[in-house]
Every structure is written in structure tokens, then in C-alpha cells.
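**Q** predicted model follows, preceded by the sequence.
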Amino acid sequence: VPSDLPLAEVEAFSIDDVTTTEVDDALSVTGLPGGHLRIGIHIAAPALGIAPGSALDAAARERLSTVYFPGQKITMLPDAAIDAYSLAEGRHCPALSRYVDVAPDFSIAAQTTRIERVPVTHNLRHFALEQAFNEDTLAAGRVDHTHADALTRLWRFARALEAARRGGEPEAEARPEYSFYVENDRVRIVRRLRGTPIDKIVSELMIHVNGAWGRELAAGGAAAIYRVQESGKVRMSTVPAAHEGLGVTGYAWASSPLRRYVDLVNQRQLIALARGEAPPYRAGDEQLLGAMRDFEAAYEAYGEFQRQMERYWCLRWLAQEDAQTVTATVIRESLARFDTLPLVVRVPSLPPLDPGSRVELAVTGIDLLELALHCEFRRQLAAEAQATRSSDATTT
């Protein structure tokens, strides 16, 4: 870990799930004259100490990404490297920081990138933070938290970023996310809605920094790996192009270098650009192209593993709870999505119903080896029942 980096004059904090050990990002808010703000987006900087071709680089290159499963994970980097570079509270951590100077109307006045040590005061956790910082406490103006002022300003800035990114288009309906835990052979599936104030802060600022750095890499003529979406298809590319789903151009993954190899590669290029040095990878470099190809293949494989794993534990939960009936929402024809689990099931007995209709299904068979679930249509739920969808945060 480099010891000669300048110390940033900020108080940064991270926002992560309680199980997160690879803290990639932290945020800070500093007041400037005239009501302006300087918002810091601080990203862990393992590229400062993991050289291309080194033993640590080879380990990361082999795994390419952290892989998750209930209660555990296989990290991309060894524990010693994570401990050295994770943005842990109470430490001055090496970071690649993006500072955004914001006017009182939350428009962006200036931006800059710095390599520095960042004081991290707290690693905030979603569950505890959401009790104090949510839509209700914001509406009432009663956010009771150490970082209440900074969080509120970040939320307002995140909303301004989203409005600019979407160009006035309405926000898509947030779909719940789920975390899986297995303790003493009991399955617990925790449901969390996307689009909460906390989620909006983290997602919008990460979209912003990845887009800003992607455009900076392209403008500086440095080779990089971009995330591109065209005509609904998402792919990796060494050529900057639009990400239509996010409404940004030149989107380069760079905000999770402890967990994704592509981000580590891009961070090396960004550090070289910030220092005015020759980037380690050149356009057409086989190391860069190979990393992109292998990462894309591994990312697809890990995603399929994740989907199969989640399906297995959903079926285990249904068997554990001896669930006889479930509620679901019709997607199309014979497909329905469960209301309280991340499960999609084909129901041959489903009558012709409009997408969005809610139904009650009978669970008639579970095969854990084939990951098969059989359900039968029982009845359509009344239209007014659509407002009764459970708001419980946890399925127990």
C-alpha cells in the first residue's frame, strides 16, 4: 500500500449490506462558499499495488469476479489484498476519488479526479441506516442520523442526476431484490425494494462516476473496457458507445475494483491518465481483449449459477414452510412471477389473463434435483386485492 499519497480533507462513509467485506466505494460531502457543495465519490484503489502480471493480478485474472452464495462468497482477491485496500472505517484508505462541485440547484459546476488517502469514518449498513433514512423521515424532515445532512444532500443530488439521465422519462417500477441466508439448515430470504433513498444515492452516484470516467478515458485516448447496451442487448466493448438502458455514453465499469477484474483493469488506465503516464494497456492489446472476453464469459456463467442457486433455495424455502398456496402476478400467457420470492413459474392451467393480473396458485410438486416446481391455478385475485401486496421486508 503506498504511503506517500496526500490525505483528503473529507469525512467519508460507505453504504453496504451487513455481509459486505469488500468495501469498494465511499461518499463524502463538503460545504463550499456560496452554498456550493463538493461531493466526493471515493473508490478503493487496489490498482496502486497490484501490478499487471504480478501474483495477485494472476489470482484476480483467474477468478475475474467475486461469486456469492448464501452466507458466503468466493472473493476475486485474496483476503490480504482485500484487507489492505477495502475502505474500512477508522482508516486512511488509498482511493481514486472523483470530486463533483455542485451548485445550489444541484447542477454540476466542475469535476476532477484525485489519487489520495481518504479518511473513512463509518461503514454504514443498509438495515440499520434504512430505519433512520427513508422516504417517510425525509418527507417529515426528521432524519435522525450522524450523517443526516450529508445523506439528505446526496439524495437530492442523486435525484437531480436521475432526472438529467432520464431526460424527463418516468422512473421504471422498482423490482424487489432478495438476499439469501442459510443458518442451521434454515433458509431465510430477505426482500428489499429497489429505488429507496439509500439505493438511489448509491446507484446514481455509481452510474455517474462510471459514466464520467468512461468519457474521460475515451477523451484521453486511453484504451478501456466499456459496458454497452444497444437494441436491448448488453455487452462488453473496447469501443465507447451508449448504454441505452442507463441513458449514458462511454460507460466504463470502474467502481468495484475489489470485486470485478474489468474494474481493476480500467482503474489502472485511470490512474495512469491522472498521473500523466502511459497507460499499461494500449488499444488492441491482447491482454485487454483477453480480459474482456474471459470476463464476459465468466460473468455470464456466474449469472447463470446465481439464478440456479436462487431457484434451489426458493424451492427449499417452499418445502421448509410447507407452502400450499402462493400469490403471483401474471407476466404473459402461462408465466407468473411470485409476489414474495424471486421465482418465475410456468402454469399450464393458467386461464387467459391480462399481464399484471394477480392470481393464487396451489403448489403441487417440488423436485429439488431437477429444480422443477409445479403449480396449479386456483383463482384470480380481485382487482382491489392488488393493493394488499405484502410490504414485509423479510420472508420468514
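**A** Received, thanks.
**Q** give me the below-cutoff pLDDT ranges for the stretch 151-300 of the chain.
**A** 168-174 (pLDDT under 70).
**Q** where do the helices sit along it?
**A** 197-219, 261-275, 286-320 (DSSP state H, counting those that start in this stretch).
**Q** mean neighbour count, those helices: which tops it?
**A** Compared across the helices of the stretch 151-300 of the chain, helix 261-275 shows the largest average neighbour count, a mean of 23 (mean count of other C-beta atoms under 10 Å). In short, each C-beta sits where N, CA and C put it, glycine included.
**Q** ok, and what's touching that helix?
**A** Outside of helix 261-275, the residues within contact range by C-beta atoms under 8 Å, 6 or more residues apart in numbering are 43, 45-48, 50, 52, 60-61, 63-65, 76, 96, 113-115, 213, 216-217, 220, 222-225, 236, 252-257, 278-281, 288, 291-292, 295.
**Q** make it 7 Å
**A** 45-48, 50, 52, 60-61, 64-65, 76, 96, 113, 115, 213, 216-217, 220, 222-225, 252-257, 278-281, 288, 291, 295 (C-beta atoms under 7 Å, 6 or more residues apart in numbering).
**Q** about what we covered before: now render the helices of the stretch 151-300 of the chain as a markdown table, adding distance to Ala328.
**A** Below are the helices of the stretch 151-300 of the chain laid out as a markdown table (distance: least, C-beta to C-beta, whole Å):
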| stretch | distance to Ala328 |
| --- | --- |
| helix 197-219 | 24 |
| helix 261-275 | 36 |
| helix 286-320 | 12 |
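**Q** relative to Asn184, which of the ones you listed is closest?
**A** Proximity to Asn184 (C-beta to C-beta) singles out helix 286-320 among these, at 11.8 Å.
**Q** what angle do the closest one and helix 261-275 make?
**A** Helix 286-320 runs at 140 degrees relative to helix 261-275, counting by axes from the mean of the first three to the mean of the last three C-alpha atoms, to 10 degrees.
**Q** after helix 286-320, next one along is what?
**A** Counting by DSSP states H and E, the next helix or strand C-terminal to helix 286-320 is strand 325-332.
**Q** list the buried residues in that following strand.
**A** Of the residues in strand 325-332, 326-330 count as buried by neighbour count, 16 or more other C-beta atoms under 10 Å.
**Q** surely Met76 touches Arg259?
**A** Yes: shown here, Met76 and Arg259 form a contact pair, counting by C-beta atoms under 7 Å, at 5.8 Å.
**Q** find the nearest non-adjacent residue to Arg61, please.
**A** Spatially, and ignoring its direct neighbours in sequence, Arg61 is nearest to Tyr261 (6.2 Å; C-beta to C-beta, 6 or more residues apart in numbering).
**Q** same deal with Pro104?
**A** Distances taken as C-beta to C-beta, 6+ apart put Gly35 closest to Pro104, at 4.2 Å, once the chain neighbours are dropped.
**Q** can you give me every residue that contacts Gly71?
**A** So Gly71 contacts 181-183 (C-beta under 7 Å, 6+ apart).
**Q** for this protein, which strand is longest?
**A** Counting by DSSP state E, the longest strand found in the chain is strand 108-125.
**Q** returning to what we had before: quick one: which of the helices of the stretch 151-300 of the chain is nearest Ile366?
**A** For those, the distance to Ile366 is smallest for helix 286-320, at 5.2 Å, taking C-beta to C-beta.
**Q** got the angle for that closest one vs strand 325-332?
**A** Using the same axes, to 10 degrees, helix 286-320 lies at 140 degrees relative to strand 325-332.
**Q** now for helix 286-320, which elements pack on it?
**A** Judged by 3 or more C-beta pairs under 7 Å, 6 or more residues apart in numbering; DSSP states H and E, the packing partners of helix 286-320 are strand 186-192, strand 233-237, helix 261-275, strand 358-367.
**Q** rewinding a little: which element follows the longest strand of the chain toward the C-terminus?
**A** Where DSSP H and E defines the elements, the next helix or strand beyond strand 108-125 is helix 126-132.
**Q** need the contact partners of the longest strand of the chain.
**A** For strand 108-125, contacts defined as C-beta under 7 Å, 6+ apart pick out 5-8, 10-18, 23, 26, 36, 42, 45, 87-89, 91-103, 212, 270-271, 274.
**Q** with just CA atoms, put it into PDB.
**A** Extracted in PDB, the C-alpha atoms of strand 108-125 (Å, rounded to 0.1, in the frame of the first residue of the first chain):
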ATOM      1  CA  ILE A 108     -22.600  20.200 -11.900                       C
ATOM      2  CA  ALA A 109     -20.100  23.100 -12.000                       C
ATOM      3  CA  ALA A 110     -16.800  21.200 -12.200                       C
ATOM      4  CA  GLN A 111     -15.300  17.700 -11.700                       C
ATOM      5  CA  THR A 112     -11.800  16.400 -11.000                       C
ATOM      6  CA  THR A 113     -10.100  13.100 -10.300                       C
ATOM      7  CA  ARG A 114      -7.500  12.600  -7.500                       C
ATOM      8  CA  ILE A 115      -5.300   9.800  -6.100                       C
ATOM      9  CA  GLU A 116      -5.200  10.100  -2.400                       C
ATOM     10  CA  ARG A 117      -5.800   8.600   1.100                       C
ATOM     11  CA  VAL A 118      -9.300   9.100   2.300                       C
ATOM     12  CA  PRO A 119     -10.400   9.100   6.000                       C
ATOM     13  CA  VAL A 120     -13.300   6.700   6.300                       C
ATOM     14  CA  THR A 121     -15.300   7.400   9.400                       C
ATOM     15  CA  HIS A 122     -18.100   4.800   9.100                       C
ATOM     16  CA  ASN A 123     -19.100   1.700   7.200                       C
ATOM     17  CA  LEU A 124     -22.900   2.200   7.300                       C
ATOM     18  CA  ARG A 125     -25.100  -0.900   6.800                       C
END
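**Q** thanks again, I'm all set now.
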